[in-house]
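Asker: What follows is a predicted structure for the sequence shown.
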Amino acid sequence: MSGRFVKLQAQHGFTMIELSMVLVVVGLLIAASISLLPGTQQSLELKETKSILKEMKAALVGYAAANGHLPCPDMNATPDGTEDRTGAVCDGAVGFFPYRTLGLGNGVDAWGGHVVYGIHDANAQGDLTDNSVNMCLDTSELVKLSKLDLINDLNSGVRISKMITQDLGANPSINFSCVDADSMAVALILISKGPTDANANGDGATTYTKRFDGNNEDVLADSCFDTPERVWFLPNVDTTTAVPATSYDDVVEVMGFTSLYAKACLTP
Ligand SMILES: [Ca+2]
Ligand SMILES: [Ca+2]
Ligand SMILES: [Ca+2]
Ligand SMILES: [Ca+2]
């Protein structure tokens, strides 16, 4: 009887130790997950935004394949999701993503910001967005798409910048150039501002609508933008040193002329 009692006591004690060890481990796991959460959340939103921009690009290609032209940007200051054009010509080359024209539910990134959509200068060329010409069937359009636009239109239309210098020393910096000789014309571009005004250059850090960085600044006024290869670059986010002008958290997706033609016009 007493032997059985001792055995029960021993079993009970062992269970308590085991339980307390489990509680300690659970506590450590919770602490670890809480400390990891902000960075994990940010990278999830970045990943989701990249995926959203790719889906938007696929929708644009599908629209071009079905209609023979791209939709115009949504030029409403408060985006209504519909393209804005006057006849065959777009009301502007850079505006917001026309999600309703494309049959999508919304046109925002993972942070809730409206995605900017730019198309190659519609007023000067009228090719990609002209709804009276099928860019897949008109041979003069074909020639322009494959050759002339790329060579001759660096001075106009939507284009992306080029990296000119890189310094990964004590004060890292990467410089991009938007001058005509360094930039490259593209058929279309999609831009998310990311979560912050990462280069903190005073272009409106307190409001979401002005969080563009790098060459994406003044996004509706000037049509040269950052290359999609320009990745998030936040070297001095601890703010103990001045945030360099190269800090950058925008997300950019582009499509060139030949790629658009191949995907919209040649893919069965
Ligand atoms: Ca509109
Ligand atoms: Ca930004
Ligand atoms: Ca900025
Ligand atoms: Ca610009």
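Answerer: Happy to help now that I have it. Ligands and ions are numbered 1, 2, ... in the order given.

Asker: any weak-confidence spans in the stretch 51-200 of the chain?
Answerer: Residue ranges of the stretch 51-200 of the chain with pLDDT under 70: 121-127, 139-156, 168-173.

Asker: How about the residues of it by ligand 2?
Answerer: The interface of the stretch 51-200 of the chain toward ligand 2, taken as CB under 5 Å from the ion, is made up of 193-194, 198. Every C-beta, even on glycine, is put in place using the N, C-alpha and C of the backbone.

Asker: Could you dump those into JSON lines with neighbour count, distance to residue 15 and secondary structure added?
Answerer: What follows is these, written out as JSON lines (neighbours: other CB atoms under 10 Å; distance: CB to CB, whole Å; DSSP: H, G, I helix; E, B strand; the rest coil):
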{"residue": "193", "neighbour count": "25", "distance to residue 15": "55", "secondary structure": "coil"}
{"residue": "194", "neighbour count": "25", "distance to residue 15": "51", "secondary structure": "coil"}
{"residue": "198", "neighbour count": "23", "distance to residue 15": "53", "secondary structure": "coil"}
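
Asker: Return the residues in contact with the closest residue to ligand 2 within the chain.
Answerer: Closest residue of the chain to ligand 2, CB to the ion: residue 194 (3.7 Å). Residue 194 makes contact with 46, 49, 111, 211, 213, 232, 249-251 under the criterion CB atoms under 8 Å, 6 or more residues apart in numbering.

Asker: Once you drop chain neighbours, what's closest to it?
Answerer: Closest residue to residue 194 apart from its sequence neighbours, by CB to CB, 6 or more residues apart in numbering: residue 249 at 3.6 Å.

Asker: burial measure for the one you found, as a count.
Answerer: Residue 249 has 23 neighbours, counted by other CB atoms under 10 Å.

Asker: now residue 120
Answerer: Neighbour count of residue 120, defined by other CB under 10 Å: 27.

Asker: any idea how far residue 52 is from the residue lying closest to it once chain neighbours are set aside?
Answerer: Once flanking residues are discounted, residue 120 sits nearest to residue 157: 4.4 Å by CB to CB, 6+ apart. Noted for residue 157: a distance of 24 Å to residue 52, by CB to CB, to the nearest Å.

Asker: for residue 188, same thing?
Answerer: Using CB to CB, we find residue 188 at a distance of 15 Å from residue 52.

Asker: Compare the two (neighbour count), which wins?
Answerer: residue 188 (26 against 22).

Asker: What residues does the more buried one make contact with?
Answerer: Contacts for residue 188 were tallied using CB under 8 Å, 6+ apart; they are 57, 60, 70, 117-120, 128, 158, 254-255, 260.

Asker: For the residues you listed, give me JSON lines that also has secondary structure and distance to residue 93.
Answerer: What follows is the contacts of residue 188, written out as JSON lines (DSSP: H, G, I helix; E, B strand; the rest coil; distance: CB to CB, whole Å):
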{"residue": "57", "secondary structure": "helix", "distance to residue 93": "17"}
{"residue": "60", "secondary structure": "helix", "distance to residue 93": "14"}
{"residue": "70", "secondary structure": "coil", "distance to residue 93": "11"}
{"residue": "117", "secondary structure": "strand", "distance to residue 93": "10"}
{"residue": "118", "secondary structure": "strand", "distance to residue 93": "6"}
{"residue": "119", "secondary structure": "strand", "distance to residue 93": "6"}
{"residue": "120", "secondary structure": "coil", "distance to residue 93": "7"}
{"residue": "128", "secondary structure": "coil", "distance to residue 93": "10"}
{"residue": "158", "secondary structure": "coil", "distance to residue 93": "6"}
{"residue": "254", "secondary structure": "strand", "distance to residue 93": "14"}
{"residue": "255", "secondary structure": "strand", "distance to residue 93": "15"}
{"residue": "260", "secondary structure": "helix", "distance to residue 93": "15"}
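
Asker: Could you export those residues as CSV, including distance to ligand 4?
Answerer: Shown next, in CSV, are the contacts of residue 188 (distance: CB to the ion, whole Å):
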residue, distance to ligand 4
57, 20
60, 21
70, 21
117, 15
118, 10
119, 15
120, 15
128, 20
158, 10
254, 14
255, 18
260, 22
